[in-house]
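Student: Kindly return the folded structure for what I paste below:
(4 chains)
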Number of protein chains: 4
Amino acid sequence: MTRIHYQDCIEACLKCIDACNFSYVSSLKEYDLARLREWIRMDRECADMCAFAIEAMTRQSPFVAEICRLCAEVCEATANECGRYERTHCRDCIEACLKCAETCRQVSEAAAVLV
Amino acid sequence: MTRIHYQDCIEACLKCIDACNFSYVSSLKEYDLARLREWIRMDRECADMCAFAIEAMTRQSPFVAEICRLCAEVCEATANECGRYERTHCRDCIEACLKCAETCRQVSEAAAVLV
Amino acid sequence: MTRIHYQDCIEACLKCIDACNFSYVSSLKEYDLARLREWIRMDRECADMCAFAIEAMTRQSPFVAEICRLCAEVCEATANECGRYERTHCRDCIEACLKCAETCRQVSEAAAVLV
Amino acid sequence: MTRIHYQDCIEACLKCIDACNFSYVSSLKEYDLARLREWIRMDRECADMCAFAIEAMTRQSPFVAEICRLCAEVCEATANECGRYERTHCRDCIEACLKCAETCRQVSEAAAVLV
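Tutor: Next comes the predicted model:
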């Protein structure tokens, strides 16, 4: 895997950080905050995992396959949690998480073959 | 500052992480590694600082002004260090660092006014 | 500054991450969640900043003075926010934040002299 | 798993960050830098992974089992790489990595049962 092959995944991770952290901040401002506990936690999990994945890909980590596989799992779990709500920032978040999960799986599978 | 105002700076930080970490990996492969010690260190400093700034901006941190000001300093110091070498990945790195420093200063000044 | 001089500050940062993240998780489980919005945000800010400071000190970053000064500010702001509540994990958090701020200022001042 | 159960592992991760980053800085100062390329890279991988694991444990992440399992793998790979050299900071690094790997596996197995 070269720098170029990671580009889509890096972009998808950035969009996912942005959507999850926006969702986190927006949720913390809502009236009915108590319903959103688990979602707030997952947004942070996902944003932190994606930031870690970006750093790993850009430094061509020998653990990119494992890190991106884990990132895909976290993104999918976050999309599932988001799917329980009906807000606009939810839909953006679900979309960003699922796209990120997809590209992370592609990178993970391609990187695993090369090791 | 809203999510939209940070967008250029977030993109510039991502490009800077990518350029610095690529430069880091490339330098570690070079024959004349010993000349590049300080640069290798600075590349990592800069990549880590930019990743921190991205997370701070996306979660609308109340410390965005301070974090982005510090990020601008680190980017400028890295560009200065890079300027001592003559490789292609240096030039990319200098350009990415200076662009990132510029947008970080803009965000920092705008955010400081709003607090 | 050598590795040894950072040791107390690194330990204080770790205790602060632990107290802030415990407070974050505990707050998200509370009944009266809505009152705790700002605190939840600050806990995350502080934990992330302290983690960044630990990495910077352990890698003997040339920016330790600036990073630890900023960390001290974030810790003090978090202690102030925590001071508005009356829970056990608040008191632990305030204590950890103030201790961390104090050692961060010491490191920052000592490091600034050396540069 | 509660906060208390993670304590040993969190401490081991901190020691490992410290040893790896000290090793990283020390290696970058050595005369025969070229022999140490791969080690420098692994030190950074390991320090970053351990910092990520600390944050995950302190915020009681639902992904602690997976994150700590991956952290154990990275620590073991770093210990193997360090084992090829004969410096004092190598031996400290190997010891810290192996101890960290051991506690990460314990946390990972215990956390996996609980989910």
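Student: any idea which helix or strand comes after the helix or strand where residue A:7 lies?
Tutor: If you go by DSSP states H and E, residue A:7 is part of helix A:3-28. Using DSSP H and E, the helix or strand that follows helix A:3-28 towards the C-terminus is helix A:37-58.
Student: and that following helix, what does it pack onto?
Tutor: Counting by 3 or more C-beta pairs under 8 Å, 6 or more residues apart in numbering or on different chains; DSSP states H and E, the packing neighbours recorded for helix A:37-58 are helix A:3-28, helix A:64-82, helix A:88-114, helix B:7-28, helix B:37-58, helix C:3-28, helix D:37-58. (C-beta placed from N, C-alpha, C; glycine too.)
Student: Could I get the buried residue list for the helix holding residue A:7?
Tutor: Buried positions in helix A:3-28, judged by neighbour count with 16 or more other C-beta atoms under 10 Å in any protein chain shown: A:6, A:9-28.
Student: List the contacts of the nearest residue to residue A:29 once chain neighbours are set aside.
Tutor: Leaving aside its sequence neighbours, residue A:29 sits nearest to residue C:37 (C-beta to C-beta, 6 or more residues apart in numbering or on different chains; 7.2 Å). Shown in contact with residue C:37 (C-beta atoms under 8 Å, 6 or more residues apart in numbering or on different chains): A:28, A:29, A:33.
Student: Distance-wise, check the residue lying farthest from the centre of chain A relative to chain D.
Tutor: Largest separation from the mean C-alpha position in chain A: residue A:31, at 25.9 Å (C-alpha atoms, centre = their mean). Here the criterion is C-beta to the nearest C-beta, to the nearest Å. By it, residue A:31 lies 25 Å from chain D.
Student: try residue A:39
Tutor: According to C-beta to the nearest C-beta, residue A:39 and chain D sit 13 Å apart.
Student: Just give the nearest non-adjacent residue to that residue, would you?
Tutor: Once flanking residues are discounted, residue A:39 sits nearest to residue A:81: 5.4 Å by C-beta to C-beta, 6+ apart.
Student: quick one: contacts for that neighbour?
Tutor: Residues in contact with residue A:81, defined by C-beta under 8 Å, 6+ apart, are A:38, A:39, A:42.
Student: average pLDDT across the helix holding residue A:7?
Tutor: In this model, helix A:3-28 carries a mean pLDDT of 92.
Student: same thing with stretch A:105-115?
Tutor: Mean per-residue pLDDT for stretch A:105-115: 86.
Student: Can you mark which positions in it are buried?
Tutor: Burial within stretch A:105-115, assessed by neighbour count using 16+ other C-beta under 10 Å, is assigned to A:105, A:106, A:107, A:108, A:110, A:111.
Student: Phi, psi for residue A:83 please.
Tutor: Dihedral pair for residue A:83: phi -60, psi -10, per degrees, to the nearest 10.
Student: what sits against it?
Tutor: Residue A:83 makes contacts with A:90, A:94, as judged by C-beta under 8 Å, 6+ apart.
Student: which SSE is residue A:61 in?
Tutor: In this structure, residue A:61 sits in neither a helix nor a strand according to DSSP H and E.
Student: I'd like the distance between it and chain B.
Tutor: Taken as C-beta to the nearest C-beta, the span from residue A:61 to chain B is 9 Å.
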